[in-house]
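**Q** Pasting the sequence and the predicted coordinates here, then a few questions.
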Amino acid sequence: MSDRRPSDPNCTFAPGEFTTLIQQALETVDLVFVDGINWQVFFQSFQELRLQYNDLSIQAIEKKSDGAFVIRLEVPAEADKAAIESQAKELYDMKLQFLETQYRAELDAKDREIEIYKRQSTDMIEIVKLQASRSIHITAIAGSQAMGDRNIHMGSGNYNERIEGNYIQGNYTNMSQDLTQAAQQIQNLLQQLQNQGVTVEAAQQQVATDMAKQAKSNPAMMGKLVLWGKAMANKASETTVSEAAKVVFTLALKAAGLS
């Protein structure tokens, strides 16, 4: 006999030990899980099972060498052990299937979100390319207390500047998506504003604020701001972008929530 009790061949049962062992076997239900076990699901189903059978308790949990688990439930001697075993397995399988369905639904939802994001990103890139091919038009209100309009002609585009008080406002959507060109456009605009009596810091702050506001409401501008931010991380920008323009881009990225 390979599974002898007591295990020591030189020992025999003491008085009452054999009765206790047999009684223990008769008052338990073994639940076998061959493919492993989801403990969260098991304990949920076990709590629900106890609502139907009040006197249930877990007597032992055994892990077999092949990875299977045996959970031994202690039940009243008069209990319907077949019904308890059947109900326990049914509850476990039902809750496990429900949990797996939830996981699959969440994964499907994430896959759909990724697909939507890819489509939106593609659309934004196309918008940026389209806007970058158009002429540049910036309207600014800045500088001295004088009022009037002036066209500023530049090799990379035209700016229409309106001087009225000390407020700077521009439309930056049509600026080049190339960081070096955009930086030159920003630098030239800052210089024009300084010529009107605006300090460097004030001009930088207001231009950056306007750029961020437009980025938040305009996907094309947001796309360009993202591209400029990535390009600034390139070491080449250290020599091709002025420090004044870098400050504007950095402030705009921060104000737009991109850094």
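**A** Cool, the structure landed. Numbering: from 1, shown residues only.
**Q** Could you tell me the model confidence score at residue 41?
**A** In the predicted model, residue 41 carries a pLDDT score of 88.
**Q** how deep is it tucked in, by neighbour count?
**A** 19 (other C-beta atoms under 10 Å). Heads up, the C-betas are built off the backbone N, CA and C, glycines and all.
**Q** just checking, next helix/strand downstream of the helix or strand containing it?
**A** Per DSSP states H and E, residue 41 falls inside helix 39-52. Using DSSP H and E, the helix or strand that follows helix 39-52 in sequence is strand 57-63.
**Q** what's that next one packed up against?
**A** The contact analysis (3 or more C-beta pairs under 8 Å, 6 or more residues apart in numbering; DSSP states H and E) places strand 57-63 against strand 69-74.
**Q** The strand it packs on vs strand 57-63, what angle?
**A** Counting by axes from the mean of the first three to the mean of the last three C-alpha atoms, to 10 degrees, strand 69-74 lies at 160 degrees to strand 57-63.
**Q** Begin at 33 from now on, thanks
**A** I'll keep to 33 as the first residue from here, and by that count the last item is strand 101-106.
**Q** which other helices and strands contact the helix or strand hosting residue 219?
**A** Using DSSP H and E, residue 219 falls within helix 211-227. Packing partners of helix 211-227 (3+ C-beta pairs under 8 Å, 6+ apart): strand 169-172, strand 180-186, strand 189-195, helix 232-249, helix 251-264, helix 269-272, helix 275-287.
**Q** Assess the claim that residue 263 and residue 211 are in contact.
**A** Yes: if you go by C-beta atoms under 8 Å, residue 263 and residue 211 touch, sitting 3.8 Å apart.
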